[in-house]
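Enquirer: Okay, here's the prediction I keep looking at, along with the sequence it came from:
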Amino acid sequence: MADPRTTPIDPEVTEEIDRFAAAIEEYLAGDLDEDVFRVTRLTQGIYGQRQGGTNQMVRVRIPYGAVTPEQLEAFAVIADDYSRGWGHLTTRQNIQFHFVELRRIPEVMRIIGAVGLTSRESCGDTIRNVMACHLAGACPYEKIDVTPWAEAVFRHFVRNPLGQRLPRKFKVNFSGCATDCGQAMFNDVGIVAASRTRDDGTVEQGFRVFIAGGLGATPHPALSLEDFTTREDLLPTIEATLRVFDQTGNRDNKLRARLKWVVDQLGIEEVRRRVLKIRQDRKSTRLNSSHLGIS
């Protein structure tokens, strides 16, 4: 395997990493306010550690839990050379590395960028890592292999201006069948592959979309948005839900800022009406699966 530290990466990603490296130097020199740097740091998926000092935790997004041998090799390099010899796998299909020195963070970002991954928006008030059932593509009961759909959602929303300053974090999860291994009921948007029989007797594959799920101190089961969502409508539906959340979420109280509280305040019927209205408007701009290469 080529050394990920010397592998060329996307110029746009390189520019982003260079900007973050410059912000680190400015911060360490005392020329960048702590609160300003904190926002910059969290946008890049970098957490300050409670132990103090300049050690950081790096959270790497692994969209829908799929990882390649090259990516695992890159994780080994990071663990051995920049962290403590191991990483922490999270319940949302990320991997975290602790005790990474702040000045070395750009090097770690380049390593994960070289294998097609990012830490971008893996924390803060953004769209978190897009998850999927661990049996996607292999489950004998699945209606659709949700892997390309989860990939499309990840690619559409990472670095998307719409998701940079949300009222609170926003979680998306996919399941390939009604068994729901992806646990749609616990997510802001939970997508379960489904099918319906057309009037002519043919079967159409699509999805059921659930919204406003969550756990925590006040658990809230996700509620069905509609009986059936077509494949063409899936991306517009997720974006419409995100836009409703961005417009109506509580920005004054973080404890009541998730989408479940919007439903608690407005009621599911009103939230559903707004989502479907925005979806119809967005469809006129041709936001659908075709422009991301899925069908």
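Expert: On my side now, so go ahead.
Enquirer: what helix or strand does the closest residue to residue 183 other than its chain neighbours sit in?
Expert: Residue nearest to residue 183 in three dimensions, not counting chain neighbours: residue 173, with 6.2 Å by CB to CB, 6 or more residues apart in numbering. In short, each C-beta sits where N, CA and C put it, glycine included. Assigned by DSSP states H and E, residue 173 belongs to strand 172-175.
Enquirer: Other residues contacting that strand?
Expert: Residues from elsewhere that reach strand 172-175 (CB atoms under 8 Å, 6 or more residues apart in numbering): 64, 127-128, 130-133, 136, 146, 149-150, 153, 181-184, 186-193, 238.
Enquirer: just the helices in the chain please.
Expert: In the chain, the helices defined using DSSP state H lie at 11-28, 34-43, 69-81, 105-114, 147-157, 234-248, 259-266, 268-283.
Enquirer: The fifth one: which residues count as buried?
Expert: Meaning helix 147-157. Buried positions in helix 147-157, judged by neighbour count with 16 or more other CB atoms under 10 Å: 147-154, 156-157.
Enquirer: could you dump these to CSV with pLDDT and distance to residue 27?
Expert: What follows is the buried residues of helix 147-157, written out as CSV (pLDDT from 0 to 100; distance: CB to CB, whole Å):
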residue, pLDDT, distance to residue 27
147, 97, 39
148, 97, 39
149, 97, 39
150, 97, 34
151, 97, 34
152, 97, 35
153, 98, 33
154, 97, 29
156, 96, 31
157, 97, 27
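Enquirer: quick one: which of those is nearest residue 10?
Expert: Taking CB to CB as the measure, residue 154 is the one of the buried residues of helix 147-157 closest to residue 10, at 15.1 Å.
Enquirer: what's the distance between that closest one and residue 68?
Expert: Separation of residue 154 from residue 68 (CB to CB, to the nearest Å): 15 Å.
Enquirer: Check residue 229 too.
Expert: Separation of residue 229 from residue 68 (CB to CB) stands at 30 Å.
Enquirer: Residue 248 contacts residue 267, correct?
Expert: No: assessed by CB atoms under 8 Å, residue 248 is found out of contact with residue 267, at 11.7 Å.
Enquirer: ok, these two, which is more surrounded?
Expert: residue 248 (18 against 11; other CB atoms under 10 Å).
Enquirer: follow-up on the earlier one: switch the buried residues of helix 147-157 over to JSON lines; also include distance to residue 10.
Expert: JSON lines is the format used below for these (distance: CB to CB, whole Å):
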{"residue": "147", "distance to residue 10": "22"}
{"residue": "148", "distance to residue 10": "20"}
{"residue": "149", "distance to residue 10": "23"}
{"residue": "150", "distance to residue 10": "21"}
{"residue": "151", "distance to residue 10": "16"}
{"residue": "152", "distance to residue 10": "18"}
{"residue": "153", "distance to residue 10": "20"}
{"residue": "154", "distance to residue 10": "15"}
{"residue": "156", "distance to residue 10": "17"}
{"residue": "157", "distance to residue 10": "17"}
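Enquirer: ok, of those residues, which one's closest to residue 140?
Expert: Nearest member of the buried residues of helix 147-157 to residue 140, counting by CB to CB, is residue 147, at 15.7 Å.
Enquirer: Now do the contacts for the closest one.
Expert: Neighbour list for residue 147: 64, 66, 132, 136-137 [criterion: CB under 8 Å, 6+ apart].
Enquirer: I'd like to know which of these are buried.
Expert: Buried members of these, counted by 16+ other CB under 10 Å: 64, 132, 136.
Enquirer: can those residues go into CSV with extra columns for distance to residue 109 and pLDDT?
Expert: Shown next, in CSV, are the buried ones among the contacts of residue 147 (distance: CB to CB, whole Å; pLDDT from 0 to 100):
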residue, distance to residue 109, pLDDT
64, 21, 96
132, 24, 97
136, 27, 96
